[in-house]
Every structure is written in C-alpha cells, then in structure tokens.
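Visitor: below are the sequence and a predicted model for it; my questions follow.
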Amino acid sequence: MSYRPDTSYRRYANYRANKHQYKMNQIATPIAMMLIIGVVSKFWWIILGVGVVILASILYKRNRNESTENSSEFILAETIENHPTERSVQMELKSTEAGYVNKKNQKNLGKTSKPGTDNNQRFYQMECLDCGHQYFANGSDIWQRKCPNCQGGQP
C-alpha cells in the first residue's frame, strides 16, 4: 500500500504548531493584495510617470557617459595623430622593449652590452624626446626614468 497514514498526521501537527501563522497568511495576504491592487488602479498614472522619469534619467546618464567617452576617444585619437611617435604601438610594448616611451617622454632605444646593477638587469639606452639627450638607464626603472639633462644632471 502506497498510502502512509502518518503523512496526514504530520501535516496536521505542523498546522497545529503554526496555526497562528496559517491564519495570518489566510487573512493578511488577501488584504495586502487588495490594497496593492487598489493603490495601483487609483494611482496608475503617477506610478507610470515615475517609471518614465526613472527610465529617462537612466537613458540620459548612459548617453552622457557614451558621449563623454566618445569625445575623450576623439581627443586621444587626435593626440595620437599629432604626436611624433605611435602611442598605440607604444602602449602594447613592455618597458624593456625597444621603442617603449614612458610617462616622462623618455624612449627606450634598446638593450646594451653593459650589465646592470639590479637583479641581473641590463643597461638600456634611453633618449629624451624633449631635448634629444641620450643616456643609459637600469632595466628596473625605465618606466619612471626622467632625463638627467633636463633635470640639471640628476637622474
């Protein structure tokens, strides 16, 4: 027999233990639904207006962000075209590769045969794109190196 007599008793015991909760659910849920339906049916135009305003503000912010990005991309593209070196290629290079230009406008011309001072690094020949001065830099600080000639002889 597939019928288990204790199943109905368990349900009844569960009901008795949570009798108050069951009654509240049977009373409170329909009342809450009637209130929600009443408010929505009476003030549907206000709810719809608020939704349209929120949607318009979201679309405005998204459009403003895209237009700001587009304008900054246009400025960046114009700067790349006017700059003597190709920034798009330079951004892909690592600091120890020839052709890399750091934020201080110093270009890496390549590795030399001179051993460096830090962690088996080599010396790299650098060129200042502002004044044209050529000097050597250790491989570990190419990304932050400044021109010693532009700074009065200090590295």
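Guide: Sure, I can see it. Numbering: from 1, shown residues only.

Visitor: after the longest strand along the chain, next one along is what?
Guide: Using DSSP state E to define each element, the chain has its longest strand at strand 106-115. Next along the chain after strand 106-115, taking DSSP states H and E as the criterion, comes strand 122-128.

Visitor: buried residues in the longest strand of the chain?
Guide: 106-108, 111 (16 or more other Cβ atoms under 10 Å). Backbone N, C-alpha and C define where each C-beta goes, glycine included.

Visitor: then stretch 136-145?
Guide: Quick answer for stretch 136-145 (16+ other Cβ under 10 Å): 137-139, 141-142, 145.

Visitor: pLDDT check: weakest of those residues?
Guide: Least confident of the buried residues of stretch 136-145 in the model: G139, at 75.

Visitor: among the helices and strands of the chain, which has the poorest mean pLDDT?
Guide: helix 87-92 (a mean of 58; mean pLDDT, DSSP states H and E).

Visitor: related to what we said a few turns ago, give me the mean pLDDT for the longest strand of the chain.
Guide: Average pLDDT, strand 106-115: 85.

Visitor: can you map out the helices along the chain?
Guide: 5-17, 19-42, 44-82, 87-92 (DSSP state H).

Visitor: low pLDDT regions in this protein?
Guide: 1-5, 66-91, 153-155 (pLDDT under 70).

Visitor: now do the buried residues in stretch 121-133.
Guide: 121, 123-128.

Visitor: what's the closest of the helices of the chain to V101?
Guide: helix 87-92 (4.9 Å; Cβ to Cβ).

Visitor: work out the gap between the longest strand of the chain and the centre of the chain.
Guide: Averaged C-alpha coordinates place strand 106-115 at 35 Å from its chain's average position (Cα atoms, centre = their mean, to the nearest Å).

Visitor: quick one: list the elements packing against that strand.
Guide: strand 122-128, strand 134-138 (3 or more Cβ pairs under 8 Å, 6 or more residues apart in numbering; DSSP states H and E).

Visitor: quick revisit: from the buried residues of strand 106-115, pick the one nearest E97.
Guide: Distance to E97 across the buried residues of strand 106-115 (Cβ to Cβ) is lowest for N108, with 6.9 Å.

Visitor: who does the closest one bridge with?
Guide: In this structure, N108 bridges to M126 when assessed by DSSP bridges.
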